[in-house]
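[1] mind folding the following:
(one chain, ligands or ions: 1)
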Amino acid sequence: MERLVCLKVPFQAAPSYSSRPRSWIPPTQLSAYKRNSLSAFSVRAQMESEEGSAAAATSSEPAVDALKMKEREVGTFQDEVAASQGIRIRRRPLTGPPLHYVGPFEFRLQNEGNTPRNILEEIVWNKDVEVAQLKERKPLIKLKTDLANARPARDFLGALRAANERTGLPGLIAEVKKASPSRGVLREDFDPVEIARAYEEGGAACVSVLTDQKYFKGSFENLEAIRNAGVKCPLLCKEFIIDAWQLFYARTKGADAVLLIAAVLPDLDIKYMIKICKMLGLTALVEVHDEIEFDRVLGIEGIELMGINNRNLETFEVDISNTKKLLEGERGKKIRERDIIVVGESGLFTPDDIAYVQEAGVKAVLVGESIVKQSDPGKGISNLFGKDISL
Ligand SMILES: O=P(O)(O)OC[C@@H](O)[C@@H](O)c1c[nH]c2ccccc12
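    Alright, predicted model coming up:
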């Protein structure tokens, strides 16, 4: 539990941050710093503990302005780090559009800054607000108490390997998915526990549960309910993770694995989150969509499970040849050398699709739409594989 201290460091270190060179703070800590010092309330709290409440009461406004300015700079810097790694998704600006200072003039670039440029960016910006609110209700210290009572995590990776060996087919991560921004509502009569049970009986190795409410009509209650209903398959918390706090939260809600999206997270955040996952017993499924993300993730030590999403989360285009393309040649060779399990994700509907991604080199698949839509999702699994894989 010693590592938990990392999460507190930015908050404690914040007052002296401004005297340090910008490059000193890793992006993860910047983001934690940024979020921890979000509200004027917490800014004031820092000042009070630093300077005493009387001094804070008299000098709060200029100091708050200065901190807001610094936060804006920090946010911009964080996006710069991300952009240098080819990440297009920007984090939500703290307070409206950033101002650009040029000499004595101050102006705002049209539509740059506070308008999300695509759906993934919109989801992530929304998540930023959501997580900040959840964190206020359940600070890490409370989560740690819940964590002590949580049942141990199950072996997600082991379940996928075992299924692959047992059936000779890719291990199935079956997704409990009510809706998506690209497909709308997939199933009206949606009982998450019943669906998860049908998946398990139908031979799924693991179950993925969407927890994002706003865009996917999912919830953490669904995750908890499935876990408490006695479903034995390890559970993936399908969430947009942008803050290490969410890893703790997911674990307390019964997750055995979490999704980390490389299109959203800079390398240092992925590394840091993988360490926390290991500490919590969570398996990290690190998702990529293109060559740049693939190569970035391959450069990270300790990767065991990588997902190749056939859906572009910025445009929603689906193309299952993406899995094949990314696993060809040197990249596929490296995956085999490092014994990384690759999951083919999205857009898989038929036994031919499964055979195609298996041929490309995946040992697991993540499937939602094609099976969740069937009146009997267990039967949906045998249709997908062309045979009963529960035996
Ligand atoms: O319903 P499909 O096309 O079978 O896709 C499932 C899964 O791959 C998809 O839900 C998914 C993959 N990565 C994601 C990241 C966020 C949200 C959703 C996803």
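[2] wait, Arg311 touches Thr323, no?
    No: at 11.1 Å, Arg311 and Thr323 do not qualify as touching, with contact defined as C-beta atoms under 8 Å. C-betas here are computed from N, CA, C, even on glycine.
[3] in terms of neighbours, single out the busier of those two.
    Counted by other C-beta atoms under 10 Å, Arg311 and Thr323 do not tie: Thr323 has more neighbours, with 29 against 18.
[4] and the more buried one, that's in a helix?
    Yes: counting by DSSP: H, G, I helix; E, B strand; the rest coil, Thr323 falls inside a helix.
[5] please begin residue numbering at 150 from this point
    OK, 150 is where the count begins now, so the last one is Thr472.
[6] settle this for me: it is touching Val506, isn't it.
    Yes: if you go by C-beta under 8 Å, Thr472 and Val506 touch, sitting 4.8 Å apart.
[7] so which residues of the stretch 250-399 of the chain form helices?
    Taking DSSP state H, counting those that start in this stretch as the test, the helices found in the stretch 250-399 of the chain are 268-286, 289-298, 305-316, 341-350, 369-377, 394-401.
[8] could you identify which of those is most buried?
    Highest mean neighbour count among these (mean count of other C-beta atoms under 10 Å): helix 394-401, with a mean of 23.
[9] wait, what's in contact with the nearest residue to Leu296 once chain neighbours are set aside?
    Ranked by C-beta to C-beta, 6 or more residues apart in numbering and with sequence neighbours excluded, the top spatial neighbour of Leu296 is Thr401, at 5.6 Å. Residues near Thr401 by C-beta atoms under 8 Å, 6 or more residues apart in numbering: 292, 295-296, 299.
[10] of the residues you listed, closest to the ligand?
    Nearest to the ligand among the contacts of Thr401, counting by C-beta to the nearest ligand atom, is Leu292 at 23.0 Å.
[11] how close does the nearest residue to the closest one once chain neighbours are set aside sit to Asn377?
    Spatial nearest neighbour of Leu292, excluding adjacent residues (C-beta to C-beta, 6+ apart): Phe397 at 4.5 Å. Noted for Phe397: a distance of 19 Å to Asn377, by C-beta to C-beta, to the nearest Å.
[12] how about Thr401?
    Using C-beta to C-beta, Thr401 is found at 13 Å from Asn377.
[13] and the helix or strand containing Leu533, what's buried?
    Counting by DSSP states H and E, the element that carries Leu533 is helix 526-534. Neighbour-count burial for helix 526-534 flags 526-527, 529-534 (criterion: 16 or more other C-beta atoms under 10 Å).
[14] so which of the residues you listed are also by the ligand?
    Restricting these to those touching the ligand (C-beta under 6 Å from any ligand atom) yields no residues.
[15] got JSON lines for those, with distance to Asn263 too?
    Shown next, in JSON lines, are the buried residues of helix 526-534 (distance: C-beta to C-beta, whole Å):
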{"residue": "Pro526", "distance to Asn263": "41"}
{"residue": "Gly527", "distance to Asn263": "46"}
{"residue": "Gly529", "distance to Asn263": "42"}
{"residue": "Ile530", "distance to Asn263": "44"}
{"residue": "Ser531", "distance to Asn263": "48"}
{"residue": "Asn532", "distance to Asn263": "45"}
{"residue": "Leu533", "distance to Asn263": "42"}
{"residue": "Phe534", "distance to Asn263": "46"}
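[16] what parts of the stretch 400-540 of the chain come near the ligand?
    So the stretch 400-540 of the chain meets the ligand at 436, 458, 494-497, 515-519 (C-beta under 6 Å from any ligand atom).
[17] can you tell me which of those residues lies nearest to Pro383?
    Distance to Pro383 across those (C-beta to C-beta) is lowest for Leu515, with 13.2 Å.
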